[in-house]
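Student: give me the fold of what follows.
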Amino acid sequence: MAGVGECALRLYAYASGRSSVTVGEAAAVLSVPADRVERAVAELRELRLLVGAAGSGGGFAAVGAEVARRELAVPLNRVIEDAHRELDGVHERLASFTAALRTSSRHAPSSPGPAGPPLAPVSVSPLWA
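Tutor: Below is the predicted model of the structure:
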């Protein structure tokens, strides 16, 4: 979603001042067709800026922008942290393998080594540092 449409901005401003709003009410107050309001509702729900209002018979209520941001960001931050831990594990395993390979190469009797050029030293550091 590149940006929020004008109807969505107006709808959010209107809903922010009320405990519950329906599509029909918003369409009448904002002087826009109900289908545009429905699209704006969908856009704002995707951003977690609108939620269904309990006991409103299909109405919706505005959510504070900071609350919506946290609701969207926290799960993504967890995924990123998990990916960083996984990446750290990959780096650690590769560093251990490379160290073991160097050690075994130094102590191995003279024999044909693996095909290809000699292994270059591996520098392991987190990508996000």
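Student: and the helix or strand hosting Val90, what's its mean pLDDT?
Tutor: Here Val90 sits within helix 65-107, counting by DSSP states H and E. For helix 65-107, mean pLDDT is 90.
Student: settle this for me: Val37 is touching Leu11, isn't it.
Tutor: Yes: using C-beta atoms under 8 Å, Val37 is in contact with Leu11, at 6.3 Å. C-beta: built from backbone N, CA, C; applies to glycine.
Student: the more surrounded of these two?
Tutor: Leu11 (30 against 25; other C-beta atoms under 10 Å).
Student: contacting residues around that one?
Tutor: Leu11 is in contact with Val21, Ala26, Leu30, Val37, Ala40, Val41, Leu44, counting by C-beta atoms under 8 Å, 6 or more residues apart in numbering.
Student: isn't the fifth one up against Tyr14?
Tutor: Yep, that's Ala40 we're talking about. No: counting by C-beta under 8 Å, Ala40 does not reach Tyr14; the two are 10.3 Å apart.
Student: circling back to that earlier point, so what sits against both of Val37 and Leu11?
Tutor: Ala26, Leu30.
Student: ok, for Ser19, nearest residue in space, not its chain neighbours?
Tutor: In space, and not counting its chain neighbours, Ser19 is closest to Ala61: 6.2 Å by C-beta to C-beta, 6 or more residues apart in numbering.
Student: go ahead and confirm that neighbour touches Ser20.
Tutor: Yes: assessed by C-beta under 8 Å, Ala61 is found in contact with Ser20 at 5.5 Å.
Student: still on that earlier bit, ok, Ala40 and Tyr14, which is more surrounded?
Tutor: The residue with more neighbours, out of Ala40 and Tyr14, is Ala40; 26 against 16, by other C-beta under 10 Å.
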